Every structure is written in structure tokens, then in C-alpha cells.
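Peer 1: Here is a sequence together with a model predicted from it:
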Amino acid sequence: MVTSGCTGWLPNSILYAVSDNMMGRWKLIDNPCSGKDYRKTFGGQSAFAFCANGHWMLALDHWNPQNLRVSGYSILPVELDKDYMNVAWQDEFQGL
């Protein structure tokens, strides 16, 4: 599970949690991001995760409260291991 803090429109750090069972105990883990501006989730907030061609991706909202029409998303690959997750910034999409 990936969560975002409560800072309104402002970017913030994300956290993630792992569990063996949806209704079981969850282990909360610190920010999985790496790279420039990782503590502010690269200027965005976590929106949703999805699987594409067997690879997990994380979509980040980039809100512009003065002009919502120009708000957008970043989509970044997620590296997963048993209890490890990493989301690294990419300037350009590297493909799957």
C-alpha cells in the first residue's frame, strides 16, 4: 500500500506498508523514493499504482491549484523485492 500525507495541494513524502494479509498486521516503511526532490515525491503526491506488462508503475499527481487544467501526472517504474520498494525519478520514460 502506498500513501500520501495530508498537505492539501502541496507535494509531500509518501510512505508504504506491507502485509502478508489484507486484514492482518501492516508494517509501515519510510519513503521509497530516490533521486532529486525525493522527500517531496518529485513535486507530486501518490495517486495510484498499476501493473503494465508485468511491471508495477506509480502515478503521481502534480496539482496546480491556480490552474487545475494544467495539472498532470508523472508515471514512474516501481522496483519491488519481498519487503523493499524503490521509486526512482526518471527524466524520460525508459520503457518496459
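Peer 2: Sure, I can see it. Numbers count the residues shown, from 1 in each chain.
Peer 1: in the longest strand belonging to the chain, what counts as buried?
Peer 2: In the chain, taking DSSP state E as the definition, the longest strand is strand 72-81. Neighbour-count burial for strand 72-81, counted by 16 or more other C-beta atoms under 10 Å, picks out 74, 76-78. Every residue, glycine included, has its C-beta placed from N, CA and C.
Peer 1: How about residues contacting whichever strand or helix holds Ala49?
Peer 2: For Ala49, the host element (DSSP states H and E) is strand 45-52. The set of residues external to strand 45-52 that reach it, using C-beta atoms under 8 Å, 6 or more residues apart in numbering, is 2-5, 7, 11-12, 14, 56-61, 63, 73, 78, 96.
Peer 1: which one of the buried residues of strand 72-81 sits closest to Asp20?
Peer 2: Closest approach between the buried residues of strand 72-81 and Asp20, by C-beta to C-beta: Val78, at 19.1 Å.
Peer 1: list the contacts for that closest one?
Peer 2: By C-beta under 8 Å, 6+ apart, the contact set of Val78 is 32, 49, 55-58, 85-87.
Peer 1: If you drop the residues flanking it in sequence, what lies closest to Phe42?
Peer 2: Trp89 (5.2 Å; C-beta to C-beta, 6 or more residues apart in numbering).
Peer 1: Wait, that neighbour touches Tyr38, no?
Peer 2: Yes. Between Trp89 and Tyr38 there is a contact under C-beta atoms under 8 Å: 7.2 Å.
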